[in-house]
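below are the sequence and a predicted model for it; my questions follow.
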Amino acid sequence: EYMGEPVRKLSFVFMSVLFRARSFSRLSLLPNGARSNGVKNIHYRRDNHGLFMPERYATTILAIRKDNQVVVMGDGQVTQGDIVVKPNAKKVRRLPNDVLCGFAGATADAFTLLERLEAKLEEHPGQIMRACVDLAKAWRMDKYLRQLNAVMIVADKNITLNLTGNGDVVEPHDNVIGIGSGGAYATAAARALMDRPDLDAKTIAAKAMEIAADMCIYTNKNFIVETLDLNPPTSK
């Protein structure tokens, strides 16, 4: 009888720990080593303190639309964990019919989405909004596509859009949008420079990306840029 109470308390503690362990095991392990809490396309990683934090895409992509110019600029750094494996990757592409695309996330996933986007653009020529909405629907609903871990910026002469695996198709209200681990820094810097009449879109993007590269350890200064002229000068 003397040992009964401590044993019962110890059993209660053991069962509580076991219950927490079983609840923790329900977190599904993703192929890239991140974890998800069951909500689709929201990925988590452990920080230095062992806590789960939302996973950030280790790059910076910035899109700016000002006056008669559209610019999409990205850095070239590729990292694997804490190691830089490539400094000059091309994360910004020009698709057919003057559509610019920048991506952040897993490379294979991003190229898979690029192929799907090109197919949608061929299916709906000149209708970038419809093509992006269709891609976002498939990305959200398809059992295979929903596992792809990337985000994208798509721009043409008329509109700039941000696509995510959560089904978001977002047009920025101020013609500036950034994605990736340094996207917030680049976006803030670009917004501060947008009212400068002496700076064009490409100059603003370069200055903003320089600031992001100084602040984000996953962003370097090997910038890749693609531009569109909205009203190209006519030859005489």
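Nice, thanks for sending it over.

tell me the SS of the residue minimising distance to the centre of the chain?
For the chain, the residue sitting closest to the mean C-alpha position, by C-alpha atoms, centre = their mean, is residue 151 at 3.4 Å. Classification of residue 151 by DSSP: H, G, I helix; E, B strand; the rest coil places it in strand.

mind listing what it touches?
Taking C-beta atoms under 8 Å, 6 or more residues apart in numbering, we find residue 151 in contact with 57, 103, 104, 105, 162, 163, 164, 165, 179, 180. For the C-beta atoms, the positions are set from N, CA and C on the backbone; glycine is no exception.

stretch 115-122: which residues count as buried?
116, 117, 118, 120, 121 (16 or more other C-beta atoms under 10 Å).

which of the contacts of residue 151 sits closest to residue 93?
residue 103 (8.0 Å; C-beta to C-beta).

which pLDDT value goes with the closest one?
Model confidence at residue 103, given as pLDDT, is 92.

that one - that's part of a helix, no?
No. Counting by three-state DSSP, residue 103 is located in no helix; its state is strand.

that one bridge partners, please.
The partner list for residue 103 in beta bridges (DSSP bridges) reads residue 152.

in the contacts of residue 151, find the pair that's most separated.
Farthest pair in the contacts of residue 151, by C-beta to C-beta: 165 and 180, 14.7 Å.

more neighbours, those two?
Set side by side, residue 165 and residue 180 show more neighbours around residue 180, with 28 against 23, by other C-beta atoms under 10 Å.

okay, the more buried one and residue 62: tell me how far apart.
9 Å (C-beta to C-beta, to the nearest Å).

ok, residue 148 next?
22 Å.

the more surrounded of these two?
Neighbour comparison, residue 148 and residue 62: the larger count goes to residue 62, with 32 against 18 (by other C-beta under 10 Å).

before we move on, the earlier item: which members of the buried residues of stretch 115-122 occur in strands, if any?
Under the assignment DSSP state E, the buried residues of stretch 115-122 contribute nothing to strands.

can I get those residues in TSV including pLDDT and distance to residue 99?
Output for the buried residues of stretch 115-122, formatted as TSV (pLDDT from 0 to 100; distance: C-beta to C-beta, whole Å):
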residue	pLDDT	distance to residue 99
116	92	13
117	93	8
118	93	9
120	93	11
121	93	6
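
just these: which are in helices?
In helices, judged by DSSP state H, the following of these are found: 116, 117, 118, 120, 121.

residue contacts, the first one?
The contact partners of residue 116, taken as C-beta under 8 Å, 6+ apart, are 135, 138, 139, 145.

which among these count as buried?
135, 138, 139, 145.

in helices, which of the residues you listed appear?
Per DSSP H, those map to helices at 135, 138, 139.
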